[in-house]
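K.L.:
Let's see this in three dimensions:
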Amino acid sequence: MTAHPPGPARGGRGRSRRAVAPLAAVTVLIAGAALTGCGSQRDDDVYTVMNSSTDETYHRWDEEAMGRCGEQLGITIEQQSVPAAQVMTKALRMASSKSLPDIVQFDASEMPTFAEADGLVDLETLGLSTADIPEGIVDFGSYEGTYYGAARSVNTLALFYNEDILAEAGVEIPTTWEELRETARRLTEGKRYGLALSAGGAEDGVFQFTPFMWSNGGDETKLDSPEVVEALDYWKSLLQDGSLSKSTVNWTQADVNDQFMAGNAAMMINGPWQVETLNSDESLNWGIARIPVPEAGDDSVGPLGGAVLTVPRTGDEDRQRMAGRIVACLAGEEEQLTYALNSWMVPANEKAAAVWRERVPELDSLADQVAAARSRTAKLGDGWPGVSLALQSAFQSALTGQSSQDALTRAQQRATSGN
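P.N.:
Presented below is the predicted three-dimensional model:
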């Protein structure tokens, strides 16, 4: 069943690869900005938000939201959009020149780097509440227990399936690993694979591995544990069955979607940012379900993705307080719902998410998946990138012949040593 939004079809965004600057350099730059305050004169009634909304539709949605919030607060809010991969480096340059914007929207995996350097203001001290936000999403915007980043919407992964192919084969939507493996086997035929996923040597592959690792009780702090090894062995079994293409080690999530839309995969692991593209093919009947779990009754625990609104520590407390009010408005229940309905993402606020479920019932499974989802940086903070790189290398080794145990033992060594 094709999902339809309550208006024109809207696009979603995937996640970009980002380079994390060395913490020492970040600390020096941010400390200088905070201690000396703003280096340039600013209009008291004009506030700036830096984000990655370079896409025309996202830029317009944000412009409209900022216009509404600005009117409520009696100020002007200006949007400064840069490519996602440049947000961190741009923020660092602005910190060095003492010209940080009032608000920066960071990818949640980047936010801990600024927080670790004491470059962000605790949002709760600015009056923002986390009362109606699920614990996992609070963690998503937190560093070492302090709430620095407010999410307007979040995303995660789910199982997408071709309804026509499953119906023709007479198979049910799989809910466990055993069912997924058997269903993928049965749906593999000719040039069509039963399942497509990204196991590439980049963050896309790690993002897609986390539901299998976490749902099996694995932990990013111990990559060579039996639970993580078993999850990677499961991926290997799908490859050995012929249910996954050997090219999966090179595919991004966009590649996976292309394969699904071309009819080369009956099912895929992917996220809501693909919905607009999926809906561009009116002949494609697709559905969505939670990612299968090791055993019936287990929780399907996926990764949270998305961005968070933060208030940089500039030394100007009056502007920081107003910036907090802007964040509260942009991340308020009403604005979250509007943004989520446009972008196919799920509102971070539980009350807004309940309304979203009613408005887009076709994606209800996605909201269920988000409710149990986790932040990649919740346990490791700014140590996540090192673990991610180690896992990326392990996928490449294990899926091309090395044992999962050996590959993950090496990954744990790399994550621990930083080499």
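K.L.:
and residue 347, how many neighbours does it have?
P.N.:
By other Cβ atoms under 10 Å, the residues close to residue 347 number 30. Every residue, glycine included, has its C-beta placed from N, CA and C.
K.L.:
swap that for residue 218, sorry
P.N.:
Using other Cβ under 10 Å, residue 218 is surrounded by 23 other residues.
K.L.:
wait, what's in contact with it?
P.N.:
225, 227, 228, 230, 231 (Cβ atoms under 8 Å, 6 or more residues apart in numbering).
K.L.:
can you pick the most crowded of the residues you listed?
P.N.:
residue 228 (27 neighbours).
K.L.:
Assumed that one was part of a helix.
P.N.:
Yes - secondary structure of residue 228 (DSSP: H, G, I helix; E, B strand; the rest coil): part of a helix.
K.L.:
and it, what does it touch?
P.N.:
Residue 228 neighbours (Cβ under 8 Å, 6+ apart): 213, 216, 218, 219, 222, 408.
K.L.:
I'd say the second one and residue 295 touch.
P.N.:
No - the pair formed by residue 216 and residue 295 falls short of the contact definition of Cβ atoms under 8 Å, at 9.3 Å.
K.L.:
Which one's more surrounded, the two?
P.N.:
Comparing residue 216 with residue 295 by other Cβ under 10 Å, the one with more neighbours is residue 216, at 22 against 10.
K.L.:
list the buried ones in stretch 123-137?
P.N.:
Of the residues in stretch 123-137, 123, 126, 128, 130, 133, 134, 136, 137 count as buried by neighbour count, 16 or more other Cβ atoms under 10 Å.
K.L.:
just curious, which of those residues is nearest to residue 379?
P.N.:
Nearest to residue 379 among the buried residues of stretch 123-137: residue 136, at 12.1 Å, using Cβ to Cβ.
K.L.:
how far away is the closest one from residue 357?
P.N.:
From residue 136 over to residue 357 the distance is 17 Å, taken as Cβ to Cβ, to the nearest Å.
K.L.:
wait, doesn't residue 266 sit right on residue 190?
P.N.:
No - if you go by Cβ under 8 Å, residue 266 and residue 190 don't touch, sitting 11.5 Å apart.
K.L.:
Between those two, point out the one with more neighbours.
P.N.:
The neighbour count for residue 266 versus residue 190, taken as other Cβ under 10 Å, is higher for residue 266 (27 against 6).
K.L.:
Send me the helix or strand containing that one as PDB with only the CA atoms.
P.N.:
Using DSSP states H and E, residue 266 sits in strand 265-270. Output of strand 265-270 as PDB, limited to C-alpha atoms (Å, rounded to 0.1, in the frame of the first residue of the first chain):
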ATOM      1  CA  ALA A 265      14.700  -6.600  -4.300                       C
ATOM      2  CA  ALA A 266      11.500  -7.700  -2.800                       C
ATOM      3  CA  MET A 267      12.200  -6.100   0.600                       C
ATOM      4  CA  MET A 268      14.700  -3.600   1.900                       C
ATOM      5  CA  ILE A 269      15.900  -2.000   5.100                       C
ATOM      6  CA  ASN A 270      15.600   1.800   4.700                       C
END
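K.L.:
Residues touching that strand, excluding its own?
P.N.:
Contacts for strand 265-270 (Cβ under 8 Å, 6+ apart): 157-162, 165-166, 169, 183-184, 187-188, 192-198, 208, 211, 245, 253, 256-257, 259-260, 291.
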